[in-house]
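1. Show me the folded form of this:
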Amino acid sequence: MARRVLICLAEGFEDIEAVAPIDVLTRCGFEVTVASLAPGPVRAAYGLTLVPTTTIDNAHGLYDAIVFPGGRKNAQALAGDERVVRLAREHYRAGKLVAAICAAPSHVLGEAAGILKGKRSSGDPSFDDKLAESGAIVTGENVTMDGNIITAMGPGAAMPFALAIADYLGASSAVEGFRKKWRI
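-> Predicted structure coming up:
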């Protein structure tokens, strides 16, 4: 059975921060479910529109990983939705991978879910103060892993972020192949 990954989206998500993980994780053979806050297509920050697989209400059970793309508007919407916050906490407490990039580490994982206290973390540098206020240890690295949490800076880190998730989930040989082929 393929490992399952849940990617949560709201209006204004950062295009590449959602698409890179969806693409890489699908290529690695993972079962990727894209869930939105409400039914219907979701528009990204720069015009891309994705049709999610399901809604947050229908994303039942624990996945092997839960991923939160950035984009300020997206991160604020996800952080303000108790269903999403509950999912982040449940996955973290169960030892499942929780991954966030750009504005999502500070807004969703730090401020809303409160799971970054004492954890090494990175995110959009504009929100380093917010990360620190949540108790995170801000690394300034493109991609940071601490236990079952992976965080990343922003659009320029989207591919390394996606590859780190795939590697964590056990697709090391595929990740190494992508790195060689794509010269990452």
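2. going forward, measure contacts and count neighbours with C-alpha atoms only.
-> Will do.
3. what ranges do the strands span in the protein?
-> Assigned by DSSP state E, the chain shows strands spanning 4-9, 31-36, 42-43, 49-50, 54-55, 65-68, 97-101, 120-121, 137-138, 143-146, 149-152.
4. Same list (those) but as TSV, adding mean pLDDT, distance to Ala79 and mean neighbour count.
-> As requested, the strands of the chain are exported to TSV (pLDDT from 0 to 100; distance: least, Cα to Cα, whole Å; neighbours: other Cα atoms under 10 Å):
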stretch	mean pLDDT	distance to Ala79	mean neighbour count
strand 4-9	98	11	24
strand 31-36	98	13	21
strand 42-43	98	17	20
strand 49-50	97	20	16
strand 54-55	98	16	18
strand 65-68	98	10	26
strand 97-101	98	12	28
strand 120-121	98	17	26
strand 137-138	98	19	18
strand 143-146	98	21	19
strand 149-152	98	16	28
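5. Quick one, which of the ones you listed gets closest to Phe178.
-> strand 143-146 (17.2 Å; Cα to Cα).
6. Check what contacts that closest one and list those residues.
-> 119-122, 150-153, 157, 160-161, 164 (Cα atoms under 8 Å, 6 or more residues apart in numbering).
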